[in-house]
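1. sequence first, predicted coordinates after that:
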Amino acid sequence: ASHSFVARKFAKYLCMPSEWMDHPYRVAALGNKILVSHTRYPDCRVELEDRKLEVDLVQISMSDFDIILGMDWLARHFAQIDCRKKRVLFMKSNEKDFSY
């Protein structure tokens, strides 16, 4: 996914206020459906080991996943995907690299 998303049913567990987007976000879904959202949750925290990584989540109606962390999140945290080793490496210029 190009962006990061949160399921409408899961958003209540974020325990933070949402923001209204004046321009709706449109997502193409299976079956030629277009999902439209005016709701986002900026700067949510995702914790991986001892790291707290922020993500901006757009709320959509989906049932297969609670949260999708997209390319926007991976790029924001300087992630590299190693498909052969099945891991994601996060790098920061002033911090120690870490992987999952």
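-> Perfect, I can see it now.
2. mind listing what the closest residue to residue 21 other than its chain neighbours touches?
-> Nearest non-adjacent residue to residue 21, counting by Cβ to Cβ, 6 or more residues apart in numbering: residue 38, 5.1 Å away. (Each C-beta comes from the backbone N, C-alpha and C, glycine too.) For residue 38, the residues meeting the contact criterion (Cβ atoms under 8 Å, 6 or more residues apart in numbering) are 20-22, 24-25.
3. out of those, who has the most neighbours?
-> Of all these, the most densely surrounded is residue 25 (16 neighbours; neighbours counted as other Cβ atoms under 10 Å).
4. what distance separates the helix or strand hosting it from the centre of its chain?
-> Counting by DSSP states H and E, the element that carries residue 25 is strand 19-29. Going by Cα atoms, centre = their mean, to the nearest Å, the spacing between the C-alpha centre of strand 19-29 and its chain's C-alpha centre is 14 Å.
5. beyond that strand, next helix or strand please.
-> Toward the C-terminal end, the helix or strand that comes next after strand 19-29 (DSSP H and E) is strand 33-48.
6. what's the spacing between that following strand and its chain's center?
-> Taking the mean C-alpha point of strand 33-48 and that of its whole chain, the gap between them comes to 7 Å (Cα atoms, centre = their mean).
7. so it versus strand 19-29, what angle?
-> Orientation of strand 33-48 against strand 19-29 (axes from the mean of the first three to the mean of the last three Cα atoms, to 10 degrees) gives an angle of 110 degrees.
8. now tabulate the contacts of residue 38 in TSV and tack on pLDDT and distance to residue 12.
-> As requested, the contacts of residue 38 are arranged in TSV below (pLDDT from 0 to 100; distance: Cβ to Cβ, whole Å):
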residue	pLDDT	distance to residue 12
20	96	17
21	94	19
22	94	23
24	92	21
25	90	19
